[in-house]
Every structure is written in C-alpha cells, then in structure tokens.
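>>> give the three-dimensional model of this entry:
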Amino acid sequence: MTIIEKIEKDTRPVEDIPGVAFFNGKFVPVSEATVSVFDFGFTRSDVTYDVAHVWQGSFFRLEAHLDRFFASMDALRYKIPYSRDEVRTILMECVKRSGYRDAYVAMICTRGRPPVGSRDMRLCQNRFIAYSIPFVWLASPEKREKGLHVIIGSTFRIPPGSVDPKVKNFHHLDSVRSIWEAYDKGVDSVFLLDYDGNVTEGPGFNVFAVIGNKVVTPDAGVLEGVTRRTVLELAREQGFVAEERKLSAEELRGADEVFITSTGGGVMPVTRLDGRIYGNDRPGAVTSRLRDGYWARHGQGPDATPVEYN
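This is a model prediction of the structure:
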C-alpha cells in the first residue's frame, strides 16, 4: 500500500471538543474555531491571549483579565473591531451558550494572515477568537490535595528583554524543553531560572516561597498573574509580609513552604523540590490557609461577575 493509499484509507475521527466559541463573528462549536496555517499567530507565534474562569456560575476577577488582554493587544499593536464592553458580552455569551457553571474562558488575538506574496505584518487583519470549555485543571485532584513534585530545570527562561512576559504569549519552547526534563526525571513540573540564577516561573504558573512570616514571589521574568495578585492580597490580609523580589534557587530550596498559582487550579502546594521534602510531603499551613482564602473569594463580592444563564 502506498502512502497516498494509507492517507485516503485513514478514517480516524476528528476530536470533538465540547464548548462554544466566537469565531469569524459567529458563535460556533469549539471544534469549528480553527486558525489558518498561514496566520502569523501559527507561523510566528504572533498572538496574545488571556484566560479567565467561571466558578459556580460567576466569573472571577473578569475585569483584571480584560485589563491585561487589552494591554497586551496594545503592546503588540493589535486592533480588533470590538470594544472592551463588547468583548465582555461575547465572553458571557460563550459561557451562557455552553451552559458550564465551572468554565475555562479564553480570549485570543492573532496577527492574522498577510496578503498572498507578502510578509508585511502591517497588512494583516488581526483575528479575535473566544471560547468557553469545561474548567481546565493544571494538576490532578490528588496532586492538588497532596502536593506536586518539582525540579528546577536547566533551561533558562526567555529573557524579558526579548519577549515581555507581562504580555501573555505562546512563546513556550523554553517551558516545553523544561517540562520534558521534568518528565524524564519522573516529576510533575519544573521551575525556570533566569541567566542570573533567580527563579522566574513555571509552565503556566507563578512560583511562591514561604520564608518565616514572609510570602515571596519573583518580581521579574514572570507573567503578573491574576491569581498571583490575589494571593499577594490575601497574604497581607492574613498578616503576612508579601514581597515581590528576586528569589534565588538556593533561597527557594531552603524555604519553609513552596506553592504555585494559576487560573487553572488556584493555589497548589509543592511538597518536593529537587528531591527535598517539605512538610512531611504534605501541604504546609500557610499554603493551606491561602488556598482556602482564594476559593472563599469566589462567588460573591466585587471579584465575582455572575453569568445570567438562560
């Protein structure tokens, strides 16, 4: 059988992803929201995005996510035909149509496709896409409860002078290379250092250390996560000193507790780092308090934006 015959005989179904997307000005099944292989978002990773979440029927800190998304588009010189209010309405409609009360809600802008024969990005029509799918967890229930095992990787984080991490982006090959190192060593995830040996972040999450009465997180080379911001606020409310500063690998290894934060899971404990066991391989008291406080802020108050389901 020739390769062409094998291709034509292949009847594997396309994966049907549940959810609702806004694509090309219409609400469609998520599986229909596809990007051209000629879009610079695909060929050059010329794209920005943001991810909010709905928990028990309400968006959490939606305005903060919209702030960051529009700031990222401004930084990359993107223009879309929708105002902030209209984007908010589109996100709400995606969730309403999907019906999910716990949802992962993304907004994306790509550079778009240039005219045939041109590479001039000024001629591209920027593309806006949004979607709502079931809530995505960064770690399994067992790992969220008992703790993640992590290493500090040997691959350096892309320096912020090259790719600004405050602009949420898909320049993830440093993380991809690092996570393979973690897989090869039989652990769950990885922290990346900068070229000076300071901790930055991990693949899709921020890093925190508890050192005495201080809750410390790196201040450079990182995305300024919305969950990160929430935890810094909670730490101050609970009487801790919350610091954004340089955090060396050595200081992190010697911390009392280590945890990570992400929209996809909130506050998640790290109970092993480079083989060192923290808290008898169980989440520490400070991590647990901050995790409980984080989820308690959902569903009511100024951080919650209810979805008006049909």
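
>>> give me the nearest residue to residue 195, chain neighbours excluded.
residue 156 (5.5 Å; CB to CB, 6 or more residues apart in numbering). C-betas here are computed from N, CA, C, even on glycine.

>>> could you measure from the one you found over to residue 176?
Separation of residue 156 from residue 176 (CB to CB, to the nearest Å): 14 Å.

>>> neighbour-wise, which of those two wins?
Comparing residue 156 with residue 176 by neighbour count (other CB atoms under 10 Å), the higher total belongs to residue 156, at 17 against 10.

>>> phi and psi next, for the more buried one.
Main-chain torsions, residue 156, degrees, to the nearest 10: phi -80, psi 150.

>>> what of residue 54?
Torsion angles, degrees, to the nearest 10, at residue 54: phi -110, psi 130.

>>> quick one: mean pLDDT for stretch 255-265?
For stretch 255-265, the mean per-residue pLDDT is 97.

>>> quick one: buried residues of it?
Under the neighbour-count criterion of 16 or more other CB atoms under 10 Å, stretch 255-265 has 255-265 buried.

>>> now do stretch 272-283
272-273, 278-279, 283.

>>> need those in TSV with secondary structure, can you?
Putting those into TSV (DSSP: H, G, I helix; E, B strand; the rest coil) gives the following:
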residue	secondary structure
272	strand
273	strand
278	coil
279	helix
283	coil
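
>>> and the pLDDT for residue 16?
78.

>>> helix, strand, or coil at it?
Residue 16 - assigned by three-state DSSP - is coil.

>>> element containing residue 215, please.
For residue 215, the element it lies in under DSSP states H and E is strand 214-217.

>>> residues contacting the helix or strand following that strand, please?
Using DSSP H and E, the helix or strand that follows strand 214-217 in sequence is helix 226-237. When contacts are defined by CB atoms under 8 Å, 6 or more residues apart in numbering, helix 226-237 is touched by residues 52, 61, 64-65, 68, 206, 208, 215, 217, 222, 241-242, 244, 261-263, 266-267, 290, 293-294, 297, 303.

>>> same check on stretch 192-204?
Under CB under 8 Å, 6+ apart, the answer for stretch 192-204 is 138, 150, 152-153, 155-157, 159, 165, 172, 174-176, 178-179, 189-191, 207, 218, 220-223, 246-249, 252, 260, 262, 264.

>>> filter the residues you listed down to the ones in helices?
174-176, 178-179, 249, 252 (DSSP state H).

>>> who wins for neighbours among these?
Ranked by neighbours (other CB under 10 Å), these are led by residue 178, which has 25 neighbours.

>>> that one touches residue 153, doesn't it?
Yes. Taking CB atoms under 8 Å as the definition, residue 178 is a contact partner of residue 153 at 3.8 Å.

>>> which residues do those two both contact?
What both residue 178 and residue 153 touch, as defined by CB under 8 Å, 6+ apart, is the set 190, 192.

>>> state the pLDDT value of the residue most central in space within the chain.
Centroid-nearest residue in the chain: residue 204, 4.5 Å away (criterion: CA atoms, centre = their mean). pLDDT recorded at residue 204 is 94.

>>> what of the one 4 residues further on?
Here the pLDDT value assigned to residue 208 is 98.

>>> over to residue 6?
The model's pLDDT for residue 6 equals 69.

>>> same question, the one 5 residues further on
On the pLDDT scale, residue 11 is placed at 66.

>>> what residues are up against residue 70?
Residue 70 touches residue 84, counting by CB under 8 Å, 6+ apart.

>>> could you do residue 54 as well?
Contacts here follow CB under 8 Å, 6+ apart; on that basis residue 54 touches 60, 95, 100-103, 105, 132, 135, 307.

>>> redo that, cut-off 10 Å
Neighbour list for residue 54: 60, 62, 91-92, 94-95, 98, 100-105, 132, 135, 298, 304-307 [criterion: CB atoms under 10 Å, 6 or more residues apart in numbering].
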